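> sequence-free structure coming up:
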């Protein structure tokens, strides 16, 4: 029962990875088609606790769109406060801002989709295989008992 619950959780997680990856790929494609690139400035830097005691660095970047509006966002990175950094975003959607290139974003989101698909496809197959092996072991044990008895 616990195995089925864990597998179901991983399938749902995989589905979330696929959806997030597809959304990211769509955003990256939109930036490539209708994107703008501007200079931004790193305004803050911090180390954030990650899983199992790990730590990673992230930066807060401020940039100004062509219409003069200023926006800020956090992203993983290692630049220093005050550094100028290139920001890419989709025209009219500054919330898509990223310091990563379109190509690197596509690669990252593509990997997320592949990981999600692997979880969605492989987890049910693993459960089916484990159930079949369990049933086979039960049948073997029953045959041994009937042959011995």
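Ah, there it is. From a predicted model like this one, the values you see are computed outputs, not experimental measurements. Numbers count the residues shown, from 1 in each chain.

> Show the residue spans covered by the helices in this structure.
2-34, 102-148 (DSSP state H).

> Quick one: mean pLDDT over the last one.
It stands for helix 102-148. Confidence over helix 102-148 (mean pLDDT, whole number) is 87.

> So what angle separates the directions of it and helix 2-34?
160 degrees (axes from the mean of the first three to the mean of the last three C-alpha atoms, to 10 degrees).

> Show me what helix 102-148 is packed against.
On a contact count with 3 or more C-beta pairs under 8 Å, 6 or more residues apart in numbering; DSSP states H and E, helix 102-148 meets helix 2-34. For the C-beta atoms, the positions are set from N, CA and C on the backbone; glycine is no exception.

> residues contacting the residue most central in space within the chain?
Nearest to the mean C-alpha position of the chain, by C-alpha atoms, centre = their mean, lies residue 112 at 4.8 Å. Counting by C-beta atoms under 8 Å, 6 or more residues apart in numbering, residue 112 makes contact with 17-18, 20-21, 24.

> still on that earlier bit, so which of the helices of the chain is the most surrounded?
Neighbour counts (mean count of other C-beta atoms under 10 Å) averaged over each of the helices of the chain peak at helix 2-34, with a mean of 16.

> gap between that one and the chain center?
7 Å (C-alpha atoms, centre = their mean, to the nearest Å).

> just checking, what packs against it?
Partner elements for helix 2-34 (3+ C-beta pairs under 8 Å, 6+ apart): strand 84-90, strand 93-98, helix 102-148.

> Columns distance to residue 46 on top of those, output as JSON lines?
Below are the helices and strands packed on helix 2-34 laid out as JSON lines (distance: least, C-beta to C-beta, whole Å):
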{"stretch": "strand 84-90", "distance to residue 46": "16"}
{"stretch": "strand 93-98", "distance to residue 46": "18"}
{"stretch": "helix 102-148", "distance to residue 46": "21"}
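
> for the ones you listed, which one sits closest to residue 65?
Among those, strand 93-98 comes nearest to residue 65, with 5.6 Å by C-beta to C-beta.

> The closest one pairs with which strands?
strand 84-90 (antiparallel) (DSSP bridges).

> Quick one: residues contacting the residue nearest to residue 34 when sequence neighbours are not counted.
Leaving aside its sequence neighbours, residue 34 sits nearest to residue 91 (C-beta to C-beta, 6 or more residues apart in numbering; 4.8 Å). Counting by C-beta under 8 Å, 6+ apart, residue 91 touches 34-36.

> Thanks a lot, see you next time.
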